[in-house]
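> Kindly return the folded structure for what I paste below:
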Amino acid sequence: MNNTLRVADVMTADIHSVDGLATVADAVEAMRRHAVSSLVVARRHDGDEYGLVVVADIARKVIAENRPLDRTNVYEVMSKPILTLPSDMLARYAVRLLVQFDLSRGVAIDHDRNIVGMVTMRDLVLRLAEADVAEE
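Coordinates of the predicted model:
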């Protein structure tokens, strides 16, 4: 198992965010515009935690319940707090945490708790497998 690959090596640094007070319709439009399936929900203040809204949240909590997208706020359907992973964490430990919490993605943060990227289970597994094959 690769012992040098870190979250920073795998993460996508191009992340997109939305305000918790935005409507779900606004969030869906941002997802469409940026071709992403999740948006980070910004912290309201330094003591607050980040949130995350993903397509599955919208499907389960808005569309399946027949709620109007333009009258439902992101904060009503987001997940919060979310799993944050230090960007210098070994990728294999990030996989363990995602598995432990049954999550498909986490947010990478720096030492000051600023978001620096998004990492998915898919990307972690593929990169770790690629690195293992290269070691053999």
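> what about residue 46, which SS state?
Using DSSP: H, G, I helix; E, B strand; the rest coil, the three-state assignment for residue 46 comes out as coil.
> mind checking pLDDT for it?
For residue 46, the pLDDT comes out at 82.
> Use 635 as the first number from now on
Okay, residue one is now 635; in that scheme the one you just asked about reads as residue 680.
> what about it, how many neighbours?
Residue 680 sits with 6 neighbouring residues when counted by other C-beta atoms under 10 Å. From N, CA and C alone the C-beta is placed, and that goes for glycine too.
> now residue 651
Residue 651: 16 neighbours (other C-beta under 10 Å).
> Which of the helices or strands spans the residue nearest to it when sequence neighbours are not counted?
Nearest non-adjacent residue to residue 651, counting by C-beta to C-beta, 6 or more residues apart in numbering: residue 674, 4.4 Å away. Taking DSSP states H and E as the definition, residue 674 sits inside strand 672-675.
> Can you tell me the strand partners of that strand and which way each runs?
strand 651-652 (parallel), strand 685-688 (antiparallel) (DSSP bridges).
> Name the residues that touch that strand?
Applying C-beta atoms under 8 Å, 6 or more residues apart in numbering, the external contacts of strand 672-675 come out as 649-654, 661, 664-665, 684-689, 708-709, 712, 714, 716, 739, 741, 749, 752.
> hmm, 7 Å instead?
Residues from elsewhere that reach strand 672-675 (C-beta atoms under 7 Å, 6 or more residues apart in numbering): 649-652, 654, 661, 664-665, 684-688, 708, 712, 714, 739, 741, 749.
> And for stretch 723-735?
635-637, 639-641, 643-644, 717, 719, 740, 753, 755, 758-759, 761-762.
> Which elements pack onto the biggest helix by length in the chain?
Scanning the chain for the longest helix, with DSSP state H as the assignment, gives helix 755-769. On a contact count with 3 or more C-beta pairs under 7 Å, 6 or more residues apart in numbering; DSSP states H and E, helix 755-769 meets helix 641-644, helix 725-734.
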